[in-house]
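**Q** sequence first, predicted model second:
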Amino acid sequence: MLKQNLYLLFCFVSISVFAQPSFKTVKDTILLKEKINAISKETNSLESDFTQVKTLSMLSEKITSKGHFCFKKDNLLRWEYVNPYTYIIVINKDKVLIKDETKLKKYDMNSNKVFKEINDIMISCINGNILASNKFKIAYGENDKSYRLELTPLVKGMKESLKKIYMYFDKAVTSVIKLEMVETTDDFTIIDFTNKKVNGNIPAEKFILK
Amino acid sequence: MAIFRLKNLYLSSLFILLTSCAIPLKYKLADQRKITTSDVKPLVSADNTMLYKTQIFLFNKYYTGLLLHKQTDSATSHLVFVTELGMKMFDIQIKKDSLKMVYCFGPMNKPKITNLLETDMGSILLYQLINKTSKIYVNKKQENTLYTTKANGKKYLYYTQANSNRIAKSLVKGKLFTKQKTVYKFGPDNLPESVSLKHKGLLRLKIKLNRITTTKAND
């Protein structure tokens, strides 16, 4: 389960979304890639509030949760749910820490091939190398309001649970504004990012869990 | 000396055998009939979607997430477990008191595990009691009731709270030992606030549920 969670988590680092009308294929993908690479290079730290809505398609049921995330180069991430439950995942260099209510679990990134791979993907999201990744087939779309990257997983472990990942950027390509993940069961999760702070000072303690 | 030890072993085994399936003396048999929702308050209802913060300890694995119960039509409901990050782990369909795993995430999708989850979730939700024929025992001193049913070589014991139709505790007993214990705690709204299940034996399973109120979830 942790493996799957982390596959989802890596996407959150660089992303967000809003409901969009139809998208047409981007003509100048090189320019878009350059813009995405530029914001990735300029971003040393990032924090944001998020609202996550999970839609269980068969049940027509939505589960909404809210939280906050922090990222700091090179390899520090905190993903925290605050409502309606508390749950924190921290990636601190080679450690994965999970705090569920009061229970703390620690994992060593290097002892696990999956963690290592996920970590590499996460970093490539930040530095823009994700666009050159062979782990996804990427299609580029746009409309009047935003750009949309459609990522189709090619990696075995990810392909079994995720059908598509959509990353939405504002038209000025200043940041990712929404993320949508569609599972193989057609359930989907949408995460909207708000109150973003780019290159702010994030205390090191944020990436330590006790 | 060896014969004495052997005799002790036989006697203690016999004692365990007799006491493990015995009804506590303070409970007196009062009736035997089919149990309905007017006798025992069901844990889930068609009117409410229930959401629980959930911890599942399965063998040496630890899973956390949200457990959702929702009625989808008059005869069908679903029990769905998703991780905090939104990944669906399992989906159990409940139809006419029968539980069937309709989706289970890869590593958990093994017959022993899915069967265990089906039976234990069914037990938590009182499907081994409601609409089943049960012996009804009454404890006049503690003013509570004990319901017992049997199925698949197991004995199910459900204890109510004092002066209430809410189940406080349930036990599932095998031929020799207690295999499973579930404890229920209710909130002021008469709905289960927390449920804790411990399944002993080769198939070790612990489930802890803590209710997330709808108001809180929608804030």
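**A** Everything's here; your move.

**Q** any idea how many residues pack against residue 71?
**A** Reading this off chain A. Using other CB atoms under 10 Å in any protein chain shown as the criterion, A:F71 is surrounded by 24 other residues. All C-beta spots, glycine's among them, are computed from the backbone N, C-alpha and C.

**Q** ah, no, chain B please
**A** B:Q71 is surrounded by 17 other residues when neighbours are defined as other CB under 10 Å.

**Q** contacts only, for B:S164.
**A** If a contact means CB atoms under 8 Å, 6 or more residues apart in numbering or on different chains, then B:S164 has B:N144 as its contacts.

**Q** B:D39 versus that one, what's the distance?
**A** Applying CB to CB, to the nearest Å, the value for B:S164 to B:D39 is 11 Å.

**Q** same thing with A:K197?
**A** Computed as CB to CB, the A:K197 to B:D39 distance reads 57 Å.

**Q** looking at these two, which has the bigger crowd around it?
**A** Regarding A:K197 and B:D39, a neighbour count based on other CB under 10 Å identifies B:D39 as having more, with 17 against 13.

**Q** do I have it right that that one meets B:T160?
**A** No: B:D39 is not in contact with B:T160 according to CB atoms under 8 Å; the separation is 9.1 Å.

**Q** what touches both of the two?
**A** Counting by CB under 8 Å, 6+ apart, the residues touching both B:D39 and B:T160 are B:Y147.

**Q** need the per-residue pLDDT for the residue in chain A that chain B sits nearest to.
**A** Across chain A, the shortest distance to chain B (CB to the nearest CB) belongs to A:T189, at 3.6 Å. pLDDT recorded at A:T189 is 91.

**Q** could you do A:D28 as well?
**A** 90.

**Q** equivalent analysis for B:N8, please.
**A** Turning to B:N8, the model gives it a pLDDT of 65.

**Q** now do B:A30
**A** At B:A30, the model reports a pLDDT of 93.

**Q** specify the beta-bridge partners of the residue of chain A closest to chain B.
**A** Each beta-bridge partner of A:T189 is listed here, defined by DSSP bridges: A:K54, A:M181.

**Q** surely it and A:K178 touch.
**A** No: A:T189 is beyond contact range of A:K178, at 11.1 Å (criterion: CB under 8 Å).

**Q** contact residues of chain B facing chain A?
**A** Contact residues of chain B with respect to chain A, defined by CB under 8 Å from any CB of the partner chain, are listed as B:49, B:51, B:53, B:55, B:61-64, B:66, B:68, B:70, B:72, B:78, B:80, B:82-89, B:91, B:103, B:105-107, B:212-213, B:216-219.

**Q** and these, which are buried?
**A** The neighbour count (16 or more other CB atoms under 10 Å in any protein chain shown) marks B:49, B:51, B:53, B:55, B:62-64, B:66, B:68, B:70, B:72, B:78, B:80, B:82-89, B:91, B:103, B:105, B:212, B:217 as buried among the residues of chain B next to chain A.

**Q** narrow those residues to those in strands?
**A** For those, the ones inside strands are B:51, B:53, B:55, B:62-64, B:66, B:68, B:70, B:72, B:78, B:80, B:82, B:88-89, B:91, B:103, with DSSP state E as the criterion.

**Q** all strands for the chain, in order.
**A** As the question left the chain open, I've gone with chain A. Under the criterion DSSP E, chain A carries strands at the ranges A:24-25, A:45-56, A:61-72, A:76-83, A:87-92, A:95-100, A:103-108, A:136-142, A:146-153, A:162-170, A:176-183, A:188-198.

**Q** my question was about chain B, not that one.
**A** With DSSP E, the ranges of strands along chain B come out as B:28-34, B:50-58, B:61-73, B:76-82, B:88-95, B:98-104, B:133-139, B:144-151, B:154-160, B:167-173, B:178-186, B:192-199, B:205-211.
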